[in-house]
Structures are given as structure tokens and as C-alpha cells.
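K.L.:
here you go, sequence then predicted model.
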Amino acid sequence: MNMVTVLNQEDMQTASDYVNNVYEKILSRNPGESEFHQAVKEIFDSLVPVFARHPKYAEAGILERIAEPERMITFRVPWVDDLGKVHVNRGFRVQFNSAIGPYKGGLRFHPSVNTSIIKFLGFEQILKNSLTGQPIGGGKGGADFDPKGKSDHEIMRFCQSFMTELAKHIGPDTDVPAGDIGVGGREIGYLFGQYRKIRGGYEAGVLTGKGLGYGGSLARTEATGYGTVYFVEEMLQDHGHTFHGSTVVVSGSGNVSIYAIEKALELGARVVACSDSNGYIYDENGINLETVKLIKEVQRARISDYINYHPEAQYTEGWQGIWSIPCDIALPCATQNEIDEAAANTLVLNGVKAIGEGANMPSTLEAIKIFLNNKVMFAPAKAGNAGGVAVSALEMAQNSMRYGWTFEEVDSKLNNIMVNIYRESVKAAEEYGNPGNLVVGANIAGFIKVADAMLAQGII
Ligand code: GLU
């Protein structure tokens, strides 16, 4: 049976006018928020066929409502460094959409954090969380704090100050933060400690990514990277390829990258490069993951140190050059907009077969166009990196049950979730006239569940 339905041209035009009109309003009401505009544009363009087929969503103002956060909190985060100097950072939490569950999404500590970054991440999170099939709404937060070079005690004091304010707005049934760039197990520990002290009760499900000894889930640390590789492997196999024997480049060297590398290696790939914000390493024999883990997870040092352990490898200043390394599969796992038009063209010229986005929005709109036009298999972030938040939802479930699953149980649930997201995205792309386009498929599949919940719950 041919699932592709040809949509009426007139309905498509009406829908396109509606979507563009709402997009224009968003541009003028949110000036200067370029990352937020980019995330909205990508999603809105995908949804035109949905509005063409189902005018009920436009009639209920779903697009206007979904792009306006339910709540946006900004707050002062004062803290004192080891020398007694006072610093003030800005904290954020966007509670974007709670139609299908409590707000859920990570906290990012990075000097670039601002309203635009938090809103783009929060907006993406709504559809990503919906795709996981778990009952979680969309949220995101963070601060323009730079954890680099800070002592453990400075990190602790910052986290405590941040949580002193954030605690007023979160809870296991309201809003459940987790990690993102600059927020890992150490930070979640300090944040949880402060929350517990303020509340005077043990609400384990208020944060995810916790340590295993106090309510964390096995496989949460690995989940985003493993999930990206599970998703990409499913996509590759669907097209007669596999990780086995492929050459892979992974950008970044944080939590997502490390576990994407680990799973890719396990599946028999050769991973030749990874990076940090200063530069990248290239090891043609395949990078040694244990060394990367030692440098990044234990020493919290720079990736340039890798050549001290492996002098045969090369280190190059400037991370952008990583995309000029020829590879079959590229996994951008560092940060937003790390693959621009030029990098995408280089990857295509070098014969890349597949892109799996482990970071949030790592490809610009122009880069995505280049991949799709050149028939490169493309796993968009909100589908490909949904494994992290999916296992966060499993952590919440375990906290509610006061029971913990084994690593194998969580890992196999993760694998099923990723395969499901792939299939649902393929199906939605086909049903709405864009077969093979997972950007469109993931956006539509994620959107419809949230839109239906919003419809059912009235204009709120
Ligand atoms: N920061 C991750 C993401 O972008 C994980 C969020 C979570 O676990 O809540 O999806």
C-alpha cells in the first residue's frame, strides 16, 4: 500500500500562509533570539502538511500557543569564589509545555547561555520528549556560568546558590531538571543536596542523572551517546549499511561523545577523531577511548593532552577542522551550529553516508539542506539524541516505584525506544508526503501527540 497521500495544493497554501504568519509574529515578538528562531523555523516548515490536513490545529491556535513558553523564569545567582570575590550570574528555567507530562529537560552551564539558547533548547525538548513515548513535557534551564577552571568548592557554591532559587519552581510532578553541557554527575549531586536541604524531604524524582547510590538509574550516563548510535544503526541497516567496518568522526569529548564512541566501537566501527572547544585529535589507528575518558572524566583536562599518551596521533588547534576528516559516519556531539554550510559541503565531498546528531541542533538549516539534497542519511537531534531524556524518564519511573532495573533492562528499553522513534519518524514522513525525510518525520510525529493533548485540554 502506498502510504503517501497527495495533499491538496490549496490546503497546503492556506497552511503555509498560517505557519508563515505565526512565524513572522514570533520573529517580531522575540527579537534577536536567532537560535530560537532557527529551531522554530525548522519545526514550523515541517508542519505545513499537518495543518493542511487537520485545520483543527490552526483553529485551536496550537502553533501560537506551542511557541510561547508556559513560563520563563530568570534569576540572580550570586556566589563567592575561593578568593572571597563576589560573582553574579544569570539563571534561567523555561517551562515550555506541560501538556503530556511535567516539564523535563536539562540544565546548561556555559558562558554562552542566554534567553535565545534556553528557548531553542526548551522548544526542541517538547517534541523530543514526546517522541520518546514517555509522559514528559518540555523544559530547559541553565546559567551563563563557566565551570571551566573552577574549583570543586566553587562549583558546589554555585550549584547551591542556583538551586536556592530554582527549588521554588521545580518538583517531581512539576518540573524535573537534569544535566546538559557543563552539568554532569558532580553538579547534579550538589544541586540535589541543596534541594533536599531546602525541602526537608527525600524527593528523589526531582532531578535525573543522579548518582547510582542516591536514586540514579543504571545506563543514564551512557544513554544519550548509546541512544544516538542505536538510532543511527537502525537507520543504516534500513539502507543496507552498518557501523561495522565504518570510519566514524565524533565531535566533542563530553558525556554524549564518549558514550557514542563507546557504542560505535562496540559495533565494530573505527572512530578516528574527537574534539573539545579548543581543538581536535586525529588518530588514524582509531582513538583510544580509555585515554579520552581519563583526560575528560577523571582529570577534567583538555583533549590536547591525548598526544602525551599517544604521540602518533595528531592534535590540531580549532575544532572546526574536524569536519574535513573523511568519514562514512559523522556524529556531531558537541554543540549547536557546529556544522555549517561549508562543513556540510566538505563532508559530502568526502563521501559521508550518514549524520547522527548527538548534540542539540548541531547542524545549521543550510547544512541540513545540503545533507538532504545529497541523499545523506540524516538523523536529526530531537530523534537521534532523545535517548538521554528517555532514560531520565525511566529514572523518574524507578524513583516512583522505589525500585531499580538492571543495566541490561534499562539498556534494552533504551534500544527499543530508539528503534521506535526511528520507525515513527519514518512513518510520519511517509504519511505526510516526505518519504525518507527524518527531519520532517520526527517533527510531525513529536508534534501530533502534544497537539492532540493540547486540543483535548482546552485553550489554556
Ligand atoms: N540535556 C539532555 C537533552 O538535551 C537530557 C535532558 C534530560 O535528561 O532531562 O535532552
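P.N.:
Nice, thanks for sending it over.

K.L.:
and what about Pro31, helix, strand or coil?
P.N.:
Three-state assignment for Pro31 (DSSP: H, G, I helix; E, B strand; the rest coil): coil.

K.L.:
once you drop chain neighbours, what's closest to Asp81?
P.N.:
Glu154 (5.5 Å; CB to CB, 6 or more residues apart in numbering). Any C-beta I mention is one placed from the backbone N, CA and C, and that applies to glycine too.

K.L.:
give me the buried positions along stretch 211-218.
P.N.:
Using 16 or more other CB atoms under 10 Å as the test for burial, stretch 211-218 gives Gly215, Gly216, Ser217, Leu218.

K.L.:
nearest to the ligand, of the residues you listed?
P.N.:
Ser217 (10.4 Å; CB to the nearest ligand atom).

K.L.:
could you pull out the strands for the stretch 101-250 of the chain?
P.N.:
Under the criterion DSSP state E, counting those that start in this stretch, strands of the stretch 101-250 of the chain are mapped to 103-109, 137-143, 175-178, 247-250.

K.L.:
got the phi/psi numbers for Pro31?
P.N.:
phi -60, psi 140 (degrees, to the nearest 10).

K.L.:
how about the stretch 101-250 of the chain: which residue is closest to the ligand?
P.N.:
Gly106 (2.8 Å).

K.L.:
neighbours around the residue nearest to that residue when sequence neighbours are not counted, how many?
P.N.:
Counting by CB to CB, 6+ apart, Asp180 is the residue found nearest to Gly106 once chain neighbours are left out, at 3.3 Å. Using other CB atoms under 10 Å, the number of residues around Asp180 comes to 27.

K.L.:
same deal with the one 5 residues further on?
P.N.:
Other residues lying near Gly185 total 16 when counted by other CB under 10 Å.

K.L.:
need the nearest residue in space to it, chain neighbours excluded.
P.N.:
Distance criterion CB to CB, 6+ apart; nearest residue to Gly185, sequence neighbours excluded, is Gly211 at 5.9 Å.

K.L.:
residues in the stretch 301-450 of the chain within reach of the ligand, list them.
P.N.:
Asn360, Gly388, Val389, Ser392 (CB under 6 Å from any ligand atom).

K.L.:
any idea how far Ile281 lies from the ligand?
P.N.:
Noted for Ile281: a distance of 25 Å to the ligand, by CB to the nearest ligand atom, to the nearest Å.

K.L.:
who's in contact with Ala313?
P.N.:
Ile281, Tyr282, Asp283, Ile287, Tyr306, Ile307 (CB atoms under 8 Å, 6 or more residues apart in numbering).

K.L.:
list buried residues within those.
P.N.:
In the contacts of Ala313, burial by neighbour count holds for Ile281, Tyr282, Asp283, Ile287, Tyr306, counting by 16+ other CB under 10 Å.

K.L.:
among these, which lie within strands?
P.N.:
Ile281, Tyr282 (DSSP state E).

K.L.:
can you pick out the most distant pair from the buried ones among the contacts of Ala313?
P.N.:
Within these, Tyr282 and Tyr306 form the most distant pair, 9.9 Å apart (CB to CB).

K.L.:
list the residues that contact Asn285.
P.N.:
For Asn285, the contact set (CB under 8 Å, 6+ apart) comprises Glu312.

K.L.:
how many other residues sit next to the closest residue in space to Ser304 that isn't next to it in sequence?
P.N.:
In this structure, Ser304 finds its nearest non-sequential neighbour in Tyr315, 5.0 Å apart by CB to CB, 6+ apart. For Tyr315, the neighbour count with other CB under 10 Å is 19.

K.L.:
with that, I have no additional questions.
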